[in-house]
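[1] Predicted model follows, preceded by the sequence.
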Amino acid sequence: MAHRKQEQLYFVERMLVLLDAGLPLLESIKLMQQSASPAWQKITAFIAHHLQQGERFSQCLSMQHAIFDPAFIGLIRVSEESGEISLALRTIQQQLHTQIELHRQIQHALAYPLITLGSACLLMIAMIAWVIPVFSDVFSHFNAPLPWSTQLLLNASEQFTLYLPVMSGGLALTAISSSLLWLRHPGFQKRCDQYLLRIPVIGDAFRQSTLACWCRSLGYLMQAGLPALEAMRITAQTSNQWLCHDLSAHIFKSLAQGWSFGEALQRADPRQQFFDHETAQLLQIGSASGSLATMLSNRADALEQQLTNKLKLLSHSLEPILVVFVGLLIGGLVIILYLPIFNLGQIV
């Protein structure tokens, strides 16, 4: 997803440079085709061909819906009616910049804990599978009972080594089965999204990130001139989180039935699983005052700033905790292994 957004951003930035230089749309696409990557040469050639056939730019993009998001296409379609494609591209550029930067911040905040925990797990497996058996051979020559902690560690290592092929096969089978279920069953994806949002700290960060993107997308579409109903439909289509998608679809149905935006929001999420109390209240105020688009953009800015501060605090807090945890874990294993040697005089 992030890679696709980066490619879209590169496409938009190059188009803006050429259009600002005074080139018409078709000539800009043809020039981009000459220096694009092989994959994008096919895409730009397809767009140029259909533009020459008289198709609108938004129609050409919609034929490449696997590459361009519905929000991207929707903004271009609105700009064609007003004749301000460059303005729409600048709006898309800003939106993509914001989404990519937010995704980068989340990756940066989670990278250190995941790498540290992954390294600790690999080190533990290496010690249990290869290092501890060496100590076990040494301790077998002792003519005295070992401390209970050392004996427990040796027994665990023996069982782990014995069942390592079975566990490896089970993990591989679970990973393959989960991947197939994820690709083929939307219900499984929904369950995974629900469990992800329930993870302490991390789940709330993902919810806040998704909510900020939701507010940003809907706000941009409404500021571009789309009515709330159409903007909500496109926002639901662009969501890559099932709870967000289902809530957006529920709000769309309520709006189509004549409910106000505030009432539709409350009907869709009465327990505030996705929309926190402050966000729901502010959007209801914005809807009642006729400034919903502006309120959505302002709320997206506030949520992103809160999330940035939260991720920085989380990263700074986790670093010393993980260092202490890994140190205690490895240090404890070493002490347990060397405990019989410390008592060698008594054992012999």
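    Done, it's in. Numbers count the residues shown, from 1 in each chain.

[2] and the helix or strand containing residue 197, C-alpha only, in CSV?
    Using DSSP states H and E, residue 197 falls within helix 186-198. Extracted C-alpha coordinates of helix 186-198, given in CSV (Å, rounded to 0.1, in the frame of the first residue of the first chain):
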residue,chain,number,x,y,z
PRO,A,186,-12.9,-11.1,3.8
GLY,A,187,-14.4,-12.4,7.1
PHE,A,188,-10.9,-13.5,8.3
GLN,A,189,-9.6,-10.0,7.3
LYS,A,190,-12.3,-8.4,9.4
ARG,A,191,-11.4,-10.6,12.4
CYS,A,192,-7.8,-9.7,12.1
ASP,A,193,-8.5,-6.0,11.9
GLN,A,194,-10.8,-6.2,15.0
TYR,A,195,-8.1,-8.0,17.0
LEU,A,196,-5.4,-5.5,15.8
LEU,A,197,-7.4,-2.6,17.2
ARG,A,198,-7.7,-4.4,20.5
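
[3] Just the buried positions in it, please.
    By neighbour count on 16 or more other Cβ atoms under 10 Å, the buried set for helix 186-198 is 189, 193, 197. Backbone N, C-alpha and C define where each C-beta goes, glycine included.

[4] Contacts for that helix, please.
    178, 181-182, 202-204, 206-207, 241-243, 246, 273 (Cβ atoms under 8 Å, 6 or more residues apart in numbering).

[5] Stretch 50-62 too?
    Against stretch 50-62 from outside (Cβ under 8 Å, 6+ apart): 25-26, 29, 46-47, 63, 68, 72-73, 76-77, 80, 85.

[6] can you count the residues close to residue 296?
    Counted with other Cβ atoms under 10 Å, residues neighbouring residue 296 total 26.

[7] Let me see the contact set for it.
    Per Cβ under 8 Å, 6+ apart, neighbours of residue 296: 215, 216, 218, 219, 222, 283, 286.

[8] Of all pairs in those residues, which one spans the longest distance?
    216 and 286 (14.3 Å; Cβ to Cβ).

[9] between the two, which one's more packed in?
    residue 216 (24 against 21).

[10] Which element, helix or strand, includes the closest residue to the more buried one other than its chain neighbours?
    Nearest non-adjacent residue to residue 216, counting by Cβ to Cβ, 6 or more residues apart in numbering: residue 300, 4.0 Å away. Assigned by DSSP H and E, residue 300 belongs to helix 292-342.

[11] Looking at that helix now, give me its mean pLDDT.
    If you average the pLDDT over helix 292-342, you get 84.

[12] Please report the distance of the residue nearest the centre of the chain from residue 96.
    Residue closest to the average C-alpha location in the chain (Cα atoms, centre = their mean): residue 103, at 6.4 Å. Distance, residue 103 to residue 96, using Cβ to Cβ, to the nearest Å: 10 Å.

[13] quick one: common contacting residues for those two?
    In contact with both residue 103 and residue 96: residue 5, using Cβ under 8 Å, 6+ apart.

[14] Over to residue 112. Which of the three states is it?
    helix (DSSP: H, G, I helix; E, B strand; the rest coil).

[15] neighbours around it, how many?
    The number of residues near residue 112, taken as other Cβ under 10 Å, comes to 13.

[16] That one touches residue 318, doesn't it?
    Yes: proximity of residue 112 to residue 318 meets the contact threshold set by Cβ atoms under 8 Å, at 7.0 Å.

[17] buried ones in stretch 57-68?
    Those would be 57, 58, 59, 60, 61, 62, 67, 68, for stretch 57-68 by 16+ other Cβ under 10 Å.

[18] Same question for stretch 124-139.
    127, 128, 132, 135, 136, 139.

[19] do stretch 327-341 as well
    Within stretch 327-341, judged by 16+ other Cβ under 10 Å, the buried ones are 333, 336, 337, 340.

[20] And for stretch 107-119?
    In stretch 107-119, counting by 16+ other Cβ under 10 Å, buried: 109, 110, 113, 116.

[21] ditto for stretch 81-94
    85, 88, 89, 91, 92, 93.

[22] Could you dump these into TSV with secondary structure, distance to residue 322 and pLDDT added?
    Below are these laid out as TSV (DSSP: H, G, I helix; E, B strand; the rest coil; distance: Cβ to Cβ, whole Å; pLDDT from 0 to 100):
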residue	secondary structure	distance to residue 322	pLDDT
85	helix	49	82
88	helix	45	80
89	helix	43	85
91	helix	40	80
92	helix	39	82
93	helix	37	84
